[in-house]
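Enquirer: Predicted model, plus sequence, below.
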Amino acid sequence: MEATLSVTDAVPGLALALERVQALSSVLEDEFAALKVQDLDRFEQLLDLKTGLLQELSDITGVRQPEDADKLGEEWAEFRSQMLACRDMHRRNEILIVRKLDAIRGALDSLHITDPTSSVDVYDRLGRVNRLRKGRGYSEA
């Protein structure tokens with residue numbers, strides 16, 4: 001009696017690649033959840049895990065650039081489809097990051113008071129008092 005091979009059994013690396021792309025999808029979902037609650041420590045851990053998975057997928061498939069994925073055979077269609085879904089999830093996470101950064105910038109901009117008589121101090125990245133003067137001083141005019 002002859003055993004039939006599935007496509008994933010017949011193509012070296014395909015089963016492992018499909019397993020890793022599922023793991024990548026899970027990491028991207030966890031990344032989104034961490035971003036929503038602003039858990040930056042968890043986000044950084046997931047970022048390292050995501051980078052490792054992407055490197056492993058690149059090693060398995062031999063694909064180094066997105067356009068190289070077209071060189072994979074038709075049997076890799078499911079893998080390509082799942083990778084496109086992961087790309088969309090990554091873009092969703094990127095949009096969330098950009099929105100959060102914009103909100104933070106807006107909050108910081110609202111703290112930058114241009115009134116020189118104001119007693120409000122804003123601190124820079126190094127913890128020093130940062131007194132911003134948006135207008136030009138008389139020495140610059």
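Expert: Sure thing, it's come through.

Enquirer: Show the pLDDT at the nearest residue to Lys71 once chain neighbours are set aside.
Expert: Spatial nearest neighbour of Lys71, excluding adjacent residues (Cβ to Cβ, 6 or more residues apart in numbering): Val63 at 7.6 Å. Quick note: C-beta positions are derived from backbone N, CA and C, even for glycine. pLDDT, Val63: 85.

Enquirer: And for Val63, the neighbour number?
Expert: Using other Cβ atoms under 10 Å as the criterion, Val63 is surrounded by 20 other residues.

Enquirer: top helix in the protein by residue count?
Expert: helix 77-111 (DSSP state H).

Enquirer: Quick check: buried residues in it?
Expert: By neighbour count on 16 or more other Cβ atoms under 10 Å, the buried set for helix 77-111 is 79-80, 82-83, 86, 89-90, 93.

Enquirer: related to what we said a few turns ago, the residue nearest to Lys71 and Val37: what is the separation?
Expert: As judged by Cβ to Cβ, to the nearest Å, Val63 and Val37 stand 33 Å apart.

Enquirer: do the same with Asp102
Expert: Distance of Asp102 to Val37, given as Cβ to Cβ: 18 Å.

Enquirer: rewinding a little: average pLDDT across the longest helix of the chain?
Expert: If you average the pLDDT over helix 77-111, you get 91.

Enquirer: rewinding a little: what about the residue nearest to Lys71? Give its phi and psi, please.
Expert: Torsion angles at Val63 (phi, psi; degrees, to the nearest 10) stand at phi -90, psi 120.

Enquirer: hang on, it packs against Leu72?
Expert: Yes - judged on Cβ atoms under 8 Å, Val63 makes contact with Leu72 at a distance of 6.9 Å.

Enquirer: which residues in the protein form helices?
Expert: Under DSSP H, the chain gives helices at 7-10, 14-36, 40-61, 77-111.

Enquirer: now the longest one against helix 14-36, angle please.
Expert: By that I understand helix 77-111. Orientation check (axes from the mean of the first three to the mean of the last three Cα atoms, to 10 degrees): helix 77-111 against helix 14-36 gives 20 degrees.

Enquirer: helices or strands next to helix 77-111 in the packing?
Expert: Using 3 or more Cβ pairs under 8 Å, 6 or more residues apart in numbering; DSSP states H and E, the elements in contact with helix 77-111 are helix 14-36.
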